[in-house]
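J.: below are the sequence and a predicted model; questions follow.
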Amino acid sequence: MKPIRIGRIAFTNILPIYQYFDDQGLDVEWIRQVPSLLNRDMAAGNIDMSPISAFAYAEHADEYVLMPDLSISAMGPVGSIFLFTKGDQLHDLDGKTIALTNTSASSVALLKIVLEKFAGVRPNYVTMAPSLEEMMNVADAALLIGDDAVKGKWNGSAYRMYDLGEEWMKQTGLSMTYAVWAVRRAIAESRRSDLEEIYLRFMQAKAEGRKNLTPAIEEAMRQLGGDAAFWKAYFEGLCYDFGEKEKRGLQTYFRYAADLGLLPSNVEIHMLDLPASLGMR
Ligand SMILES: C=C(O[C@@H]1C=C(C(=O)O)C=C[C@H]1O)C(=O)O
């Protein structure tokens, strides 16, 4: 049988889970990419399961099921999804040009919700590689996510910064889910026992990360720099669960995105049904 191809987000945000994942004895192949490429390769069937943009799940909800109790979410500031402006406030951005990172899907739609629905402005958008300097050369504001946003925060002190998780929270009072763990339906059916084992390993990894963040913090410092206090606060601000609170926030996000014509209406969240005992934490 072929190895299960598992995606891995090429950012530090998944270290509190992936740093602890024990793949001993599993026949898996890892594919490490930015979210937009994971989204694309999942849709093309080149990856069997992966954390993908929650927005990309909604675009293909009929083809995927979600692994229970796994997500990248935040209740409030997320710490790595920023709109950088040259001093403009959100309501100043009407008719201005915004450069969007080509690595994201969820945050691009979230930004449109924040600007068009909440702030009532209509900017123009251009999609670009995530270089803050080049984005700001051609645009009035720039959206970055993940490690590029963290680096932008460290290097881009000339700019005003908006944390999109914080803006979402201010307007809705809800959690926001950026990534979900999707499995292609065909794989969910044909590789059931492999998936049960992989799910168990993910839950064990999440539990390990929750017990002791130090290995994730050390790996993040090795990859990007920064100090331990920064990474501890960043990881503690993220939520890797996918419970009722997260689902409520995500359904609201899907509805708002549908209102703007970005998603079909009535996207349903379908979970992979796994024995409850596997999910014990
Ligand atoms: C918190 C983050 O979550 C993510 C944001 C995503 C998106 O905008 O599509 C996708 C996956 C996650 O990497 C982040 O990247 O900063």
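T.: Great, that's in hand.

J.: same for the lengthiest strand in the chain, what does it pack against?
T.: The longest strand of the chain (DSSP state E) is strand 64-74. Contact analysis of strand 64-74 by 3 or more Cβ pairs under 8 Å, 6 or more residues apart in numbering; DSSP states H and E lists strand 49-53, helix 54-59, strand 176-184, helix 185-190, helix 192-211, helix 244-259 as its packing neighbours. For glycine as for every other residue, the C-beta is placed from the backbone atoms N, C-alpha and C.

J.: and this structure, which residues reach the ligand?
T.: The chain comes close to the ligand at residues 9, 11, 13, 35, 53, 72, 78, 80-81, 104-107, 145-146, 149, 178-179, as judged by Cβ under 6 Å from any ligand atom.

J.: what about those, which are in helices?
T.: The helices, defined by DSSP state H, take in P35, S106, S107, G146, A149 from the residues of the chain next to the ligand.

J.: quick one on the thing from earlier: got a quick PyMOL command for the buried subset of the residues of the chain next to the ligand?
T.: Restricted to buried positions by 16 or more other Cβ atoms under 10 Å, the PyMOL selection for those reads:
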select buried, resi 9+11+13+35+53+72+78+80+81+104+105+106+107+145+146+149+178+179
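
J.: follow-up on the earlier one: could I get the ones in helices among the residues of the chain next to the ligand in JSON lines, plus columns for pLDDT and distance to F254?
T.: Shown next, in JSON lines, are those (pLDDT from 0 to 100; distance: Cβ to Cβ, whole Å):
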{"residue": "P35", "pLDDT": "98", "distance to F254": "17"}
{"residue": "S106", "pLDDT": "98", "distance to F254": "11"}
{"residue": "S107", "pLDDT": "98", "distance to F254": "15"}
{"residue": "G146", "pLDDT": "98", "distance to F254": "22"}
{"residue": "A149", "pLDDT": "98", "distance to F254": "23"}
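
J.: and of the residues you listed, the nearest to L100?
T.: The closest of those to L100 turns out to be S107 (Cβ to Cβ; 8.5 Å).

J.: I81 is in contact with the closest one, correct?
T.: Yes. Taking Cβ atoms under 8 Å as the definition, S107 is a contact partner of I81 at 4.8 Å.

J.: quick check: neighbours shared by the two?
T.: L143, I145, L164, Y178 (Cβ atoms under 8 Å, 6 or more residues apart in numbering).
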